[in-house]
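1. Let me see the structure of the following:
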Amino acid sequence: MNQRRTEHTTFVIERFYDFAPTLVFAAWASAEAKSRWFSGNTNKWTLMERKLEFRIGGREILKGQWQGGPVSTFAGLYYDIVPNERIIYSYDMFQDSTQISVSLATVELRGKDNGTLLKFTEQAVFLDAFEDGGGREQGTGVLLDQLGAALAGGAIK
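-> Sure, this is the predicted structure:
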């Protein structure tokens with residue numbers, strides 16, 4: 001018999017980028033821009049599907065396979081978008097066909113010192129036997145660092 005359980009966590013990550021809020025927001029708003037930073041490690045992860053419908057009620061899918069491992073799927077839904085200021089979305093994560101978590105994420109952008117302070121807050125519930133062990137927070141930090149690198153490298157305009 002499967003034991004059903006939930007594990008809840010909340011984390012907040014802040015990053016400062018030397019770019020205007022309009023540019024940081026643009027990095028989230030189009031499939032082309034987001035593809036430059038929001039993905040798995042390309043040496044160990046192969047993209048299978050990417051869709052982004054960036055609007056309130058819009059959906060996002062990112063699906064890929066880890067080298068020698070499971071297929072991971074991010075399936076998001078946008079609830080609130082305030083240009084250059086705020087993005088709120090929920091998302092489910094799957095490993096192969098098993099749902100491992102449901103999350104609510106808030107991205108806040110504030111102009112500061114000729115740049116942008118980004119505050120990312122996630123409230124997650126991990127399902128059944130899945131053990132996160134802090135991996136979600138660490139992975140989100142890596143993605144936000146990749147965002148910074150994409151901005152600094154001029155990949156987002």
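2. any idea of the mean pLDDT for stretch 116-131?
-> In this model, stretch 116-131 has a mean pLDDT of 92.
3. same question, stretch 49-61
-> For stretch 49-61, the mean confidence score works out to 97.
4. Excluding its own residues, what touches it? List them.
-> 28-31, 34-35, 62-64, 73-81, 89, 91 (Cβ atoms under 8 Å, 6 or more residues apart in numbering). Placement of C-beta: from N, CA and C, glycine included.
5. Can you select the buried ones among the residues you listed for me in ChimeraX?
-> The ChimeraX command for the buried members of the contacts of stretch 49-61 (criterion: 16 or more other Cβ atoms under 10 Å) is given here:
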select :28,29,34,62,64,73,74,75,76,78,81,89,91
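6. And the helices in this structure, which stretches?
-> 21-29, 31-35, 135-152 (DSSP state H).
7. Could I have the CA atoms of stretch 107-122 written out in PDB?
-> C-alpha atoms of stretch 107-122 as PDB (Å, rounded to 0.1, in the frame of the first residue of the first chain):
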ATOM      1  CA  VAL A 107       8.700  37.000  -8.800                       C
ATOM      2  CA  GLU A 108       9.000  40.700  -7.700                       C
ATOM      3  CA  LEU A 109      11.200  43.200  -9.500                       C
ATOM      4  CA  ARG A 110      12.200  46.500  -7.900                       C
ATOM      5  CA  GLY A 111      14.400  49.200  -9.400                       C
ATOM      6  CA  LYS A 112      17.400  49.800  -7.200                       C
ATOM      7  CA  ASP A 113      20.800  51.500  -7.700                       C
ATOM      8  CA  ASN A 114      20.400  51.600 -11.500                       C
ATOM      9  CA  GLY A 115      19.600  47.900 -11.500                       C
ATOM     10  CA  THR A 116      17.000  45.500 -10.400                       C
ATOM     11  CA  LEU A 117      16.400  43.700  -7.100                       C
ATOM     12  CA  LEU A 118      14.600  40.400  -7.900                       C
ATOM     13  CA  LYS A 119      12.900  38.600  -5.100                       C
ATOM     14  CA  PHE A 120      11.700  35.100  -5.800                       C
ATOM     15  CA  THR A 121       9.400  33.400  -3.300                       C
ATOM     16  CA  GLU A 122       8.200  29.800  -3.700                       C
END
